[in-house]
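Colleague: quick one, what's the 3D model for this:
(chains A and B, ligands or ions: 1)
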Amino acid sequence: MRLGGTDVCVVGVGTSEQFGFDLGRSPMRLQAEAFTAALADCGLDRADVDGFATAHGSPTGVDYEEFTAVMGLDCRYVDQAWAHGRWSTGLVAHASLAIMAGLADVVAIANTVTNGRGYARHLGGLGGHGTVEGLRDTGGGHGEWSVHGVDTPGAATSLVAQRYMERYGAASEDLARIGIGFRENARLNPMAILRDKPLTQESYLREPVISGPFRRCDYSLANDGATCLVLAAADRAADLRTHGVRVAGAQSIRSNRDSYVLFSRPGLGVGFADETPLRPEHHPVYEMAGVGRDDVDGLYVYDSFSSNVWMTLERFGFCGEGEAPGWIASHGLGVGAALPVNTNGGLLSEGHFGGYNHLVEMVRQLRGECGPRQIAGAEVLQWTTPWGDSLIFTR
Amino acid sequence: MSRLRQVGDHRGPAPVVHPETEPFWRGLAEGRLRLQRCTPCGTVRFPLGPVCWRCGSFDHEWTDVATAGTVSAAVTVRRATGDPLWAGEVPLVSAQIDMDSAGVRLPGRILCDPDTPPPHGTPVDAAYLAAADGYGVLCFVLRESSQEGS
Ligand SMILES: [Zn+2]
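Modeller: Below is the predicted model of the structure:
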């Protein structure tokens, strides 16, 4: 994406020192670690940062003005979205536009997640029951209807998976391949929370069912940790110690009645959406990035639930309608696959950091820093979600 | 339109009812499945809302709709990790139901054996659970076990 002749790069990335279920560190501490690491990564100083953006605010994360105050930042551009994982594309696209438009020179995008069995148990007033949005007149944005016992995103998404599996004939073994594939990838990632927990078809099928077709390994993790990406104009990036990774293309979340249930896809017939054949969509992210889908060297998917991967592969046309389970069975998801997917282990096995952890991984892959899980010759990587937004980063 | 049967008491979180949506929840407790129908274009809509998604009109009336539907998707929730009120109520079957004539898909529990959640296409009839404050919560029963067709 480009405005006024300016390209924007991700120049620095960082995470909290650890990702884990219970790290004993506050959201502010974790976010300060990630921010400090990202600055150290690119060699910038706190005083260079004049823009800040986040989605995950208090109490489980950190609100923007708390962070600038505690961190001693002086920002002339700030942005804070809704405390959901869906804003990864939005924050990056908006920060890039802010830099292109001259609203900021260097924008840090930091996000922290803590969970009720981790540090968030010390922080009162959590909306932990998952009911607040589920009791809206419109139900929750993942399809929750708390009043009807579908009171978590997982129970709601199990309805999506159930509809998909009945409509296209997919089986539990197909669902299992997703979690197993990402768990295998996680074994090569020292930061992945489940790196030492192998998963097989047998162990998957032994897990108790939680809702609909979903077992434990179909759910992303509830965990503690933080991420930070630092963005700057390409000419600024050229002076830094890291190789800047270009934010080459973006397209927003698509929002309409067919996309209301976030972890479904248009045409599936879940929520308020019509049940139709999958209609091809135009994805301008490719034109903006100057690449085609076949140029993508690795795909990164918002895998809060395993079935999201089916939705995303089909929505973006990597396979046809109802073909995603077969595509995964024949292609695989690993680093050696024709199209590696979620080489970090994803939200299912590295940890749920809102997808920003995927973006950190994309930057490191494009710099060639990923050791045993490095995608050979990675030049074009794509971030995608079931709800239609996307980013393309290029080397 | 046939009357809804009360098939139990609602034990989950209380619905959020406000003046604009009150006819729906009050109607259920009276055995009526009432939704908003757009006056100019006739579209029956869900979710409840002040405006027609199809034509943009604010004009509407509350209308009784047919209570017969078919299962779009149904799941058995075996572990309730959200609202603590549901923890003692699982396993339960919850579903999305395509209403045969209103043209809307409605959410609700199906009161049936949780070990055999009904597949797509299973006929069901709307019913209700009595909630506090004179409101009802929509639910469904399998057609063959229903006392009243529609
Ligand atoms: Zn209308």
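Colleague: would you mark the buried spots in stretch A:80-88?
Modeller: A:Gln80, A:Ala81, A:Ala83, A:Gly85, A:Arg86, A:Trp87, A:Ser88 (16 or more other Cβ atoms under 10 Å in any protein chain shown). (C-beta placed from N, C-alpha, C; glycine too.)
Colleague: so who does the second one touch?
Modeller: For A:Ala81, the contact set (Cβ atoms under 8 Å, 6 or more residues apart in numbering or on different chains) comprises A:Ala53, A:Thr54, A:Ala55, A:Trp87, A:Gly90, A:Leu91.
Colleague: give me every residue that touches the fifth one.
Modeller: For A:Gly90, the contacting residues are A:Ala81, A:Ser252, A:Ile253, A:Asp389, taking Cβ under 8 Å, 6+ apart as the criterion.
Colleague: export those residues to JSON lines and tack on pLDDT and secondary structure?
Modeller: Below are these laid out as JSON lines (pLDDT from 0 to 100; DSSP: H, G, I helix; E, B strand; the rest coil):
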{"residue": "A:Ala81", "pLDDT": "95", "secondary structure": "coil"}
{"residue": "A:Ser252", "pLDDT": "97", "secondary structure": "coil"}
{"residue": "A:Ile253", "pLDDT": "97", "secondary structure": "coil"}
{"residue": "A:Asp389", "pLDDT": "98", "secondary structure": "coil"}
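Colleague: so how do I select the buried members of those residues in PyMOL?
Modeller: Buried residues among the contacts of A:Gly90 (16+ other Cβ under 10 Å), as a PyMOL selection:
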select buried, chain A and resi 81+389
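Colleague: neighbours of residue 56, just the number please.
Modeller: In the absence of a named chain, chain A is used. The number of residues packed near A:His56 is 27, by other Cβ atoms under 10 Å in any protein chain shown.
Colleague: not quite, I wanted chain B
Modeller: 10.
Colleague: checking it next. Helix, strand or coil?
Modeller: Recorded secondary structure, B:Gly56: coil (DSSP: H, G, I helix; E, B strand; the rest coil).
Colleague: what about it, distance to chain A?
Modeller: In this structure, B:Gly56 and chain A are 14 Å apart, going by Cβ to the nearest Cβ, to the nearest Å.
Colleague: distance check, that residue against B:Asp115.
Modeller: 46 Å (Cβ to Cβ, to the nearest Å).
Colleague: cool, A:His331 as well?
Modeller: Taking Cβ to Cβ, one finds A:His331 at 35 Å from B:Asp115.
Colleague: which one's more surrounded, those two?
Modeller: Applying other Cβ under 10 Å to A:His331 and B:Asp115 shows that A:His331 carries more neighbours, namely 17 against 8.
Colleague: name the nearest residue to that one, ignoring sequence neighbours.
Modeller: A:Ala337 (5.5 Å; Cβ to Cβ, 6 or more residues apart in numbering or on different chains).
Colleague: give me the buried positions along the longest strand along chain B.
Modeller: When chain B is parsed with DSSP state E, its longest strand is strand B:68-77. Within strand B:68-77, the residues that count as buried by 16+ other Cβ under 10 Å are B:Ala68, B:Gly69, B:Val71, B:Ser72, B:Ala73, B:Ala74, B:Val75, B:Thr76, B:Val77.
Colleague: show me which of those residues is closest to A:Leu135.
Modeller: B:Val77 (16.7 Å; Cβ to Cβ).
Colleague: pLDDT weak spots in chain A?
Modeller: Residues of chain A meeting the criterion pLDDT under 70: A:124-132.
Colleague: so where do the strands sit in it?
Modeller: Taking DSSP E, the strands of chain A run over residues A:8-15, A:51-54, A:77-80, A:106-113, A:209-211, A:214-215, A:225-233, A:245-251, A:298-301, A:380-384, A:390-394.
Colleague: in chain A, what residue is nearest the ion?
Modeller: A:Arg257 (13.8 Å; Cβ to the ion).
Colleague: surely that residue meets A:Pro266?
Modeller: No. Applying Cβ atoms under 8 Å, one finds A:Arg257 not in contact with A:Pro266, separated by 9.4 Å.
Colleague: what is in contact with those two at once?
Modeller: With Cβ under 8 Å, 6+ apart, A:Arg257 and A:Pro266 have common neighbours A:Ala273.
Colleague: neighbour-wise, which of those two wins?
Modeller: A:Pro266 (23 against 14).
Colleague: how about that one: what's its closest non-neighbour residue?
Modeller: A:Pro266's closest residue in space is A:Asp258 (Cβ to Cβ, 6+ apart), at 4.0 Å.
Colleague: neighbours of the one you found, how many?
Modeller: A:Asp258 has 21 nearby residues by other Cβ under 10 Å.
Colleague: could you check how far it is from B:Arg79?
Modeller: In terms of Cβ to Cβ, A:Asp258 sits 30 Å off from B:Arg79.
Colleague: the closest residue in space to A:Met362 that isn't next to it in sequence: what's it in contact with?
Modeller: Excluding its sequence neighbours, the residue lying closest to A:Met362 (Cβ to Cβ, 6+ apart) is A:Leu381, at 4.5 Å. Counting by Cβ under 8 Å, 6+ apart, A:Leu381 touches A:Val296, A:Asp297, A:Gly298, A:Leu299, A:Tyr300, A:Met362, A:Gln365, A:Leu366, A:Ile375, A:Ile392, A:Phe393, A:Thr394.
Colleague: what number of residues lie near the residue nearest to the fourth one when sequence neighbours are not counted?
Modeller: Looking back up the chat, that one is A:Leu299. Of all residues not flanking A:Leu299 in the chain, A:Val341 sits nearest, at 4.8 Å (Cβ to Cβ, 6+ apart). Using other Cβ under 10 Å, the number of residues around A:Val341 comes to 26.
Colleague: how far is the lowest-mean-pLDDT helix or strand in chain B from where the chain is centred?
Modeller: Least confident helix or strand, chain B: helix B:84-87 with a mean of 92, by mean pLDDT, DSSP states H and E. Averaging C-alpha positions (Cα atoms, centre = their mean, to the nearest Å) puts helix B:84-87 20 Å from its chain's average.
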